[in-house]
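> structure for the following, please:
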Amino acid sequence: MNSVDRIKQIVDILRLYPDDKKVVVISAMGKTTNALEKVVESFFGNRKEEALQLFDHIKKQHLNTAKYLLVTGANATDARLMDLFTEVEWTLHDKPVKDFDYYYDQIVCAGELLSTTIISAYLNEQGIGNMWTDVRDIFRTDDHFRNAGIDWAFTEKNVREKVVPLFDEYDIVITQGFIGATDENESTTLGREGSDYSAAVFGNLLNAENVTIWKDVAGIMNADPKAFPSAVVMHELSYEEVIEMAYYGAQVIHPKTIKPLENKNIPLIVKCFIDPALPGTVIHHKTINNLPPVFVVKQNQVLLHLQTRDFSFIDEHAITRLYHLLTQINISPNLIQTGAVTLMVCADDKEDKIGQLAAAASEIFDVQVEKNLTLLTIRHYTKEAIAEMTHEKYIVLQQQSPHTVQFLLR
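Numbering: from 1, shown residues only. Take a look at the predicted model:
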C-alpha cells in the first residue's frame, strides 16, 4: 500500500470514532526517515551537494503526494511544505560543527512535520475538521539528541495550556510522533519506537480513555509470522507480559511506551491499519491466563566463556568488574550464567564491541569466544514446544524459570 492509499485510509478509520475528542499522532511517510538519514550522513561527511540532491528527492515525493491528494488546500499546503523544506536547507548549507546526533535530529524530524502537514490538509478537505500542531511547541525535552528525555512537568503545562483549549473548537488535533524540542528550540528525537511513545505521553497527560496504535499487523502475535507461519494473534495481554516479551527481544511495543499508560491504567489497543474490522490486541492491567507459547528468536549471537585464572570462585568482585566492562563498552547482555569458576555472557555479535569486551575481560579471565549461535526464548513453554524447537539442535546453554525458558543453540 503506498502513501496516498494509506492517507486515504485514515479518513475511514477516523470516521469510525465520530464522537470522540482525539489527538492523532502520525509518523513520517513510507521510507522517509531512512531517506533523511542518508541526507544526514552525506551532510556530516561534508558532501553538501549530495545531501541537497537527496533532500530534493524527498521534497519532490512530498509535493507529488500533496498534488495527488489536495484540491482546495493545495496552494496553502505547498507553501507550508516549502517553509519546512527551507528549515532543513538552512542546516544543509552550513558546515557541520556539532556532533552527528545533533544534526540527525534537526534533519530527520522533518519527516513527521511534512507528513502531518499533508494529512491535516487532506482531512480538512474531506470534511474531517482538525487542527495541526507542531509537537516541538508541546514536548519539552533535554538535549540528549537521538534519545531525548521528556521534561514531564513542563510538557504537562504545555498540554494543558496549548492542546486542551483546541478541543473547544476541534474534535481532532493532528500532531507528530517521535520528535520534541529543547528549551533552546533545537529539535530532538525520542529514540526507538518514538511515535508510539509520543502517543503514550499524550495519553497520560490528557488522561485518555485509551490509546490506539495502528500497525500493518492483525495485532500482537506469539511469534514473528515470517519465521513462524502458524503464529496467532493474542487478543488480550497484560502490561507486564508485553514488557517481558520486549525484554527478551520480541518486536512488540517498546517498554517505554507501556510505562506512561500503566502508571494511569490506560488501556493500549493495537489495531490493524489494513483491516480496521479485526479486533486487534488490548493491553491492560489484568493478568491473562492460558496464553499460547510465545517464541522469540535472536540470530547472530556470541557467547563469551570467562574462567578465573587461578580457579578461585566467581565472587561479587568478578561480577562487578564484568558489569562495569559491559556498561563501559555499551553492551546489553542477552543472557548471563554463573558457575563456580566460570561466567558465560551471551550478547548480539557486534564485532567491534565484542572484540573490545574480550580484550578487556582477558586482563581478568581466560577468555574464549563462540560465534554463530541462536538464542531461543519461549514464554509459557510446554514440553511439546521445547521438543519441537530444540529438535536436532545442540544446546550450548539453558536457563529456565516457571514462565520462561531460554536456549542458546548451535
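> give me the helices and strands touching the longest helix seen in the chain, please.
For the chain, the longest helix by residue count, based on DSSP state H, is helix 48-69. Judged by 3 or more CB pairs under 8 Å, 6 or more residues apart in numbering; DSSP states H and E, helix 48-69 is in contact with helix 3-14, helix 32-44, helix 74-92, helix 110-125. The C-beta positions use only the backbone N, C-alpha and C, and glycine is treated the same way.
> at 6 Å instead, please
helix 32-44, helix 74-92, helix 110-125 (3 or more CB pairs under 6 Å, 6 or more residues apart in numbering; DSSP states H and E).
> list the contacts of whichever helix or strand comes after the longest one.
This points to helix 74-92. Per DSSP states H and E, helix 74-92 leads on to helix 100-108 as the next helix or strand towards the C-terminus. Residues outside helix 100-108 that contact it (CB atoms under 6 Å, 6 or more residues apart in numbering) are 36, 39, 40, 44, 88, 91, 96, 145, 146, 187, 188, 189.
> let's see it at 8 Å
33, 36-37, 39-40, 43-44, 88, 91-92, 96, 145-146, 148, 179, 186-189 (CB atoms under 8 Å, 6 or more residues apart in numbering).
> would you map out the domains in the protein?
Following automatic domain parsing, the chain resolves into domains at 3-208, 294-409.
> among those domains, which is the most enclosed?
domain 3-208 (a mean of 18; mean count of other CB atoms under 10 Å).
> pull the distance from that one to the chain's centre.
16 Å (CA atoms, centre = their mean, to the nearest Å).
> and the pLDDT at residue 1?
We have a pLDDT of 56 for residue 1.
> hmm, back to that, now the helices and strands packed on helix 48-69 in TSV, with distance to residue 370 and mean pLDDT?
Conversion of the helices and strands packed on helix 48-69 to TSV gives the following (distance: least, CB to CB, whole Å; pLDDT from 0 to 100):
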stretch	distance to residue 370	mean pLDDT
helix 32-44	33	97
helix 74-92	45	97
helix 110-125	41	98
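> which one of those helices lies nearest to residue 393?
helix 32-44 (34.8 Å; CB to CB).
> what sits up against the closest one?
27-28, 48, 50-51, 54-55, 57-58, 61-62, 88, 91-92, 96, 100, 103-104, 107-108, 110-111, 114-115.
> coming back round to it: need the helices and strands packed on helix 48-69 in TSV (columns: distance to residue 159).
As requested, those are arranged in TSV below (distance: least, CB to CB, whole Å):
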stretch	distance to residue 159
helix 32-44	25
helix 74-92	23
helix 110-125	17
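> of those helices, which is nearest residue 317?
Closest among the helices and strands packed on helix 48-69, once you apply CB to CB, is helix 32-44, at 42.1 Å.
> can you give me the angle that closest one makes with helix 110-125?
Interaxial angle of helix 32-44 relative to helix 110-125 (axes from the mean of the first three to the mean of the last three CA atoms, to 10 degrees): 140 degrees.
> need the helices for the protein, in chain order.
So, for the chain - with DSSP H - the helices run 3-14, 32-44, 48-69, 74-92, 100-108, 110-125, 152-158, 194-205, 239-247, 255-263, 316-329, 351-361, 383-390.
> mind checking those for the one nearest to residue 216?
Among the helices of the chain, helix 3-14 sits nearest to residue 216 (CB to CB), with 9.1 Å.
> which helices and strands sit right next to that closest one?
strand 22-26, helix 48-69, helix 110-125.
> right, and those - which one's nearest residue 200?
Closest among these, once you apply CB to CB, is strand 22-26, at 9.3 Å.
> now the angle between helix 110-125 and that closest one, please.
140 degrees.
> what is strand 22-26 packed up against?
Short answer (3+ CB pairs under 8 Å, 6+ apart): strand 22-26 packs on helix 3-14, helix 110-125, strand 172-176, helix 194-205.
> list the contacts of the third one.
I take that to be strand 172-176. With CB under 8 Å, 6+ apart, strand 172-176 has contacts from 14, 21-26, 109, 112-113, 115-116, 119-120, 123, 128-136, 138, 163, 166-167, 198, 202.
> which ones are touching the closest residue to residue 26 other than its chain neighbours?
Nearest residue to residue 26, sequence neighbours excluded (CB to CB, 6 or more residues apart in numbering): residue 116, at 5.0 Å. Counting by CB under 8 Å, 6+ apart, residue 116 makes contact with 26, 132, 174, 175, 176.
> just the strands in the stretch 301-410 of the chain please.
Using DSSP state E, counting those that start in this stretch, the strands of the stretch 301-410 of the chain run over 335-338, 342-348, 365-379, 395-400, 404-409.
> what distance separates the fourth one from the middle of the whole chain?
Which is strand 395-400. Its chain's C-alpha centre and that of strand 395-400 lie 29 Å apart, by CA atoms, centre = their mean.
> so what strands line up beside it?
strand 404-409 (antiparallel) (DSSP bridges).
> likewise the third one?
Neighbouring strands of strand 365-379 in its sheet, by DSSP bridges, are strand 294-308 (antiparallel), strand 404-409 (antiparallel).
> so which of the ones you listed is nearest residue 66?
Here strand 294-308 is closest among the strands paired with strand 365-379 (CB to CB), at 40.6 Å.
> alpha carbons of that closest one, as PDB, please.
Output of strand 294-308 as PDB, limited to C-alpha atoms (Å, rounded to 0.1, in the frame of the first residue of the first chain):
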ATOM      1  CA  VAL A 294       5.500 -17.100  22.800                       C
ATOM      2  CA  PHE A 295       8.600 -17.600  20.700                       C
ATOM      3  CA  VAL A 296      11.500 -15.100  20.400                       C
ATOM      4  CA  VAL A 297      14.400 -16.000  18.200                       C
ATOM      5  CA  LYS A 298      17.600 -13.900  18.100                       C
ATOM      6  CA  GLN A 299      20.200 -14.900  15.500                       C
ATOM      7  CA  ASN A 300      23.900 -13.800  15.300                       C
ATOM      8  CA  GLN A 301      24.600 -14.400  19.000                       C
ATOM      9  CA  VAL A 302      28.100 -14.700  20.500                       C
ATOM     10  CA  LEU A 303      29.000 -16.500  23.800                       C
ATOM     11  CA  LEU A 304      32.000 -15.400  25.900                       C
ATOM     12  CA  HIS A 305      33.300 -18.100  28.200                       C
ATOM     13  CA  LEU A 306      35.100 -16.400  31.000                       C
ATOM     14  CA  GLN A 307      37.100 -18.500  33.500                       C
ATOM     15  CA  THR A 308      39.100 -17.400  36.600                       C
END
